[in-house]
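Q: build me a model:
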Amino acid sequence: MSDSTDLREAVRARYAAAATAVTEDGDCCGPVEVDDNFGSTLYSASERDELPAEAIAASLGCGNPLAVAELREGERVLDLGSGGGIDVLLSARRVGPTGKAYGLDMTDEMLALALANKAKAGAQNVEFLKGTIEAIPLPGNTIDVVISNCVINLSTDKPAVFAEMFRVLAPGGRIGVSDVVADDSLTAAQRAERGSYVGCIAGALTFTEYREGLQAAGFGDVEIIPTHEVADGMQSAIIRAVKPS
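A: Just a heads-up that it's a prediction; the model follows:
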């Protein structure tokens, strides 16, 4: 297998194991082991109270994209790498019955967990899709907001992800993403020294690489705001950008 195939399989296996850890006994067994820089502690208590415990336990993100994206009633939202569904279910409540929230994930175990959480939450305006973030299974110009929580750094083909986000967004649509971003001074080797690929560290882009990648895909108004450090020279960041009207 190629290096990129090996990495994708390592990512899939890690998140499959995370989903299984939540569901293995038919009960929520508590959160997957992550530190304070990742997971459900990055959501407010009121947000956590809205959702099934299993959705909270499976949260592995580095931020809260709902706080980033400022969702509005009636909007169509797509969450890339939706995992157990926490951000999709919260989005569905924000956009209301006239809106729609899609979740995209490549891991069967996470999709099964997300569907169970959807049923427990009684969400009617939610749809989970199987696929990769490099080839989104939705038509172009159909989404108002793309969100993602610490997933784009896991892709081995980030230009494809940026191009796909741009394609599915309607003109004037926007992205509101939480992701790990590296200081511009760090080389790829130095990033790898600070953490693994599946741990959301080694695959992170620098601030400049992220900005230039989004601009190359066609996005404007790119904004990258660091929120907290997750490793030496590595930041969790809020990333916003707009598809021109």
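Q: dump the helix or strand hosting Phe166 to PDB, restricted to CA.
A: Assigned by DSSP states H and E, Phe166 falls within helix 158-168. C-alpha atoms of helix 158-168 as PDB (Å, rounded to 0.1, in the frame of the first residue of the first chain):
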ATOM      1  CA  LYS A 158      -5.700  18.500   1.700                       C
ATOM      2  CA  PRO A 159      -5.900  20.400  -1.700                       C
ATOM      3  CA  ALA A 160      -8.600  17.900  -2.700                       C
ATOM      4  CA  VAL A 161     -10.500  18.600   0.600                       C
ATOM      5  CA  PHE A 162     -10.300  22.400   0.000                       C
ATOM      6  CA  ALA A 163     -11.500  21.900  -3.600                       C
ATOM      7  CA  GLU A 164     -14.400  19.700  -2.500                       C
ATOM      8  CA  MET A 165     -15.500  22.200   0.200                       C
ATOM      9  CA  PHE A 166     -15.500  24.900  -2.400                       C
ATOM     10  CA  ARG A 167     -17.400  22.800  -4.900                       C
ATOM     11  CA  VAL A 168     -20.300  21.800  -2.600                       C
END
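Q: so what's the gap between the next helix or strand after it and the chain middle?
A: Once the chain leaves helix 158-168, the next helix or strand it forms, by DSSP H and E, is strand 169-182. Taking the mean of its C-alpha atoms, strand 169-182 sits 10 Å from the chain's own mean (Cα atoms, centre = their mean, to the nearest Å).
Q: report the buried residues of the following helix or strand past strand 169-182.
A: Per DSSP H and E, strand 169-182 leads on to helix 188-194 as the next helix or strand towards the C-terminus. For helix 188-194, a neighbour-count test (16 or more other Cβ atoms under 10 Å) marks Arg191, Arg194 as buried. Using the backbone N, CA and C atoms, a C-beta is placed for each residue, glycine as well.
Q: and the next helix or strand past the lowest-mean-pLDDT helix or strand in the chain?
A: Lowest by mean pLDDT, DSSP states H and E among the helices and strands of the chain is helix 53-57, with a mean of 51. The first helix or strand that comes after helix 53-57 along the chain, using DSSP H and E, is helix 65-69.
Q: elements contacting the next helix or strand after that next one?
A: Going down the chain from helix 65-69, the next helix or strand is strand 76-80, by DSSP H and E. In terms of contacts (3 or more Cβ pairs under 8 Å, 6 or more residues apart in numbering; DSSP states H and E), strand 76-80 is packed against helix 86-95, strand 100-105, strand 143-149, helix 158-168.
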